[in-house]
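A.B. asks: 3D model of this:
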Amino acid sequence: ANILATSSAILPSSHPQSYSNSYLLSSDSYLTRLRTAIDQGRWQLCQHFYKDWATNTAAEQQAKAVTLSLLTGDRSLINRETKDLYQLAGISHLLAISGTHVLFLAIVLAGIVILLINRLYPALYRHIPRWHIRWWVMISAAFIYALFTGFDVPAARTAWMLLAIGLTRLTLLPVSTLRVLFALAVLMAWHDPYVLWQAGYWLSFIAVGLLLKYEDTSQKQPLTSNQPSTSYDKLLKRLWLNFKRLFKLQCWLFLALLPVTLLLFGKASLWGLIVNLFAIGLFGWIIVPLNLLAGLCYLILPSVADIIWTSVTAIVSNLHELIAWLTSMPVLSDAWLYTPVNAAILLMALLTMLPWLLPRGLISLWLVLTPLSLLVLTVYANQQSLTTTHTLYILPTGDHLSLLH
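C.D. replies: Model (predicted):
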């Protein structure tokens, strides 16, 4: 888009149309006023991060830019090198405002409200159940924070899922969470068909659906044995089982999302299997909670928030150095998987996942080996052909630009 003209004229109070303008301003909906106030607050927070920007080093600037992105979803200060670093490590999804951010804030605020009610006015539970109060606080916090971060698909999905699951529990309908998720995906697509062109829409709903499916299957498997052992052995065994479950979950998500990732982006980073093992825990349990805590303190005590943000920035900066060192290893330099996705690859991927999608025992799991082998051979052949051939693309930009692949 080209900006043709701008104007900063302000109507004086004696202007004949000032009455009508003030009436239109007062007739705006409360949602519009709330959205405007939220946008102004997000802009002020961005200006707070941009203060003394030139005095910081390049590494400190990018650490602060990632910290701001994790809090507000604003990636304007992240440069191309940092984005490439996260893409190569396979953790670009951590830069987006996911459901974890929204849900963590909603749970914390709901817990604070319930703690205050328990201390100050517990008689309120005679009229309103405790989970109703917690649910309303979580919904309010989720929608406000989703609006604060731009109401992107992952944050919006989390807010609407909280509302839908609460209504399902309130009406005692025997509906599974997976069906609620599927219905919400359809409704969001009907409301705004353009979300079908967003990668975050497909990755968000498919990833949550896979997590729900994995949780249903993992709960049926026993985690501990009945053999007598000491407390130290139990601790080591529990740590090993948790790590094994985490690694299994990572492999499950990577393989299940691989066809969708290749279809949307044409490439996938093999580093994601390794880096996500510690990056997800670091972001989910340390960086994001401290960042949200600093955001809450910023409303009351900005000086305390700056101290917390300094710690978060240091952690993110060290993480960038670690990822840069890992991805620069010459032994594992070829970390990208390139392949064009066509109907044959999608069909083989569907046949591979078919035994897990159908009821257990209906189709033997050994039948997965044939389409899985064909899929691996096809992807390997495409990978070799893309790395050995050269293609010249003429870009239709009017400037006669070309791209050599």
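A.B. asks: which of the residues in the longest helix along the chain are buried?
C.D. replies: Counting by DSSP state H, the longest helix found in the chain is helix 231-265. Using 16 or more other C-beta atoms under 10 Å as the burial criterion, the residues of helix 231-265 that qualify are 249-250, 252-254, 256-264. Glycine gets a C-beta too; all of them are placed from N, C-alpha and C.
A.B. asks: from those, which is closest to residue 358?
C.D. replies: Nearest to residue 358 among these is residue 256, at 15.0 Å by C-beta to C-beta.
A.B. asks: residue ranges with poor pLDDT in the stretch 1-150 of the chain?
C.D. replies: Within the stretch 1-150 of the chain, the stretches falling below the threshold (pLDDT under 70) are 9-28.
A.B. asks: 50 instead?
C.D. replies: Along the stretch 1-150 of the chain, the parts satisfying pLDDT under 50 run over 14-25, 27.
A.B. asks: list the contacts for the spatially most central residue of the chain?
C.D. replies: Most central in the chain under C-alpha atoms, centre = their mean is residue 98, positioned 2.7 Å from the mean C-alpha point. In this structure, residue 98 makes contact with 154, 155, 158, 204, judged by C-beta atoms under 8 Å, 6 or more residues apart in numbering.
A.B. asks: do you know how far the last one is from residue 373?
C.D. replies: Look at residue 204 and residue 373: by C-beta to C-beta, to the nearest Å, they are 31 Å apart.
A.B. asks: Same check on the second one?
C.D. replies: Separation of residue 155 from residue 373 (C-beta to C-beta): 40 Å.
A.B. asks: which of these two has more neighbours?
C.D. replies: Taking residue 155 and residue 373 together and counting by other C-beta atoms under 10 Å, residue 155 has the greater number of neighbours (27 against 12).
A.B. asks: hang on, isn't the more buried one packed against residue 97?
C.D. replies: Yes - under the criterion of C-beta atoms under 8 Å, residue 155 lies in contact with residue 97, with a separation of 5.0 Å.
A.B. asks: what do these two both touch?
C.D. replies: Both residue 155 and residue 97 are contacted by 73, 149, under the criterion C-beta under 8 Å, 6+ apart.
A.B. asks: In JSON lines, list the buried residues of helix 231-265 along with distance to residue 7 and pLDDT.
C.D. replies: Written out in JSON lines, the entries for those read as follows (distance: C-beta to C-beta, whole Å; pLDDT from 0 to 100):
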{"residue": "249", "distance to residue 7": "55", "pLDDT": "79"}
{"residue": "250", "distance to residue 7": "54", "pLDDT": "79"}
{"residue": "252", "distance to residue 7": "56", "pLDDT": "77"}
{"residue": "253", "distance to residue 7": "51", "pLDDT": "79"}
{"residue": "254", "distance to residue 7": "52", "pLDDT": "78"}
{"residue": "256", "distance to residue 7": "52", "pLDDT": "75"}
{"residue": "257", "distance to residue 7": "48", "pLDDT": "78"}
{"residue": "258", "distance to residue 7": "51", "pLDDT": "75"}
{"residue": "259", "distance to residue 7": "50", "pLDDT": "73"}
{"residue": "260", "distance to residue 7": "46", "pLDDT": "76"}
{"residue": "261", "distance to residue 7": "45", "pLDDT": "77"}
{"residue": "262", "distance to residue 7": "48", "pLDDT": "75"}
{"residue": "263", "distance to residue 7": "45", "pLDDT": "74"}
{"residue": "264", "distance to residue 7": "41", "pLDDT": "75"}
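A.B. asks: export those to CSV and tack on distance to residue 48?
C.D. replies: As requested, the buried residues of helix 231-265 are arranged in CSV below (distance: C-beta to C-beta, whole Å):
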residue, distance to residue 48
249, 37
250, 36
252, 40
253, 35
254, 37
256, 40
257, 36
258, 40
259, 42
260, 37
261, 35
262, 40
263, 39
264, 34
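A.B. asks: Give me the packing partners of the longest helix of the chain, helices and strands only.
C.D. replies: Contacts of helix 231-265 with other secondary structure elements, assessed using 3 or more C-beta pairs under 8 Å, 6 or more residues apart in numbering; DSSP states H and E, are made with helix 199-218, strand 267-269, helix 272-282, helix 343-357.
A.B. asks: Mind giving me the packing neighbours of the first one?
C.D. replies: Put plainly, it is helix 199-218. Using 3+ C-beta pairs under 8 Å, 6+ apart, the elements in contact with helix 199-218 are helix 153-171, helix 177-191, helix 231-265.
A.B. asks: I'd like those helices laid out as a markdown table, including distance to residue 199.
C.D. replies: Output for the helices and strands packed on helix 199-218, formatted as a markdown table (distance: least, C-beta to C-beta, whole Å):
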| stretch | distance to residue 199 |
| --- | --- |
| helix 153-171 | 9 |
| helix 177-191 | 14 |
| helix 231-265 | 5 |
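A.B. asks: weakest of those in terms of mean pLDDT?
C.D. replies: Within these, the least confident segment by mean pLDDT turns out to be helix 231-265, at a mean of 78.
A.B. asks: could you give the angle of that helix to helix 343-357?
C.D. replies: Helix 231-265 and helix 343-357 meet at an angle of 150 degrees, taking axes from the mean of the first three to the mean of the last three C-alpha atoms, to 10 degrees as the criterion.
A.B. asks: from here on, count from 38
C.D. replies: Done: numbering now begins at 38, and the last item shifts to helix 268-302.
A.B. asks: now helix 268-302: how far from the chain's centre is it?
C.D. replies: Averaging C-alpha coordinates over helix 268-302 and over its chain gives two centres that are 18 Å apart (C-alpha atoms, centre = their mean, to the nearest Å).
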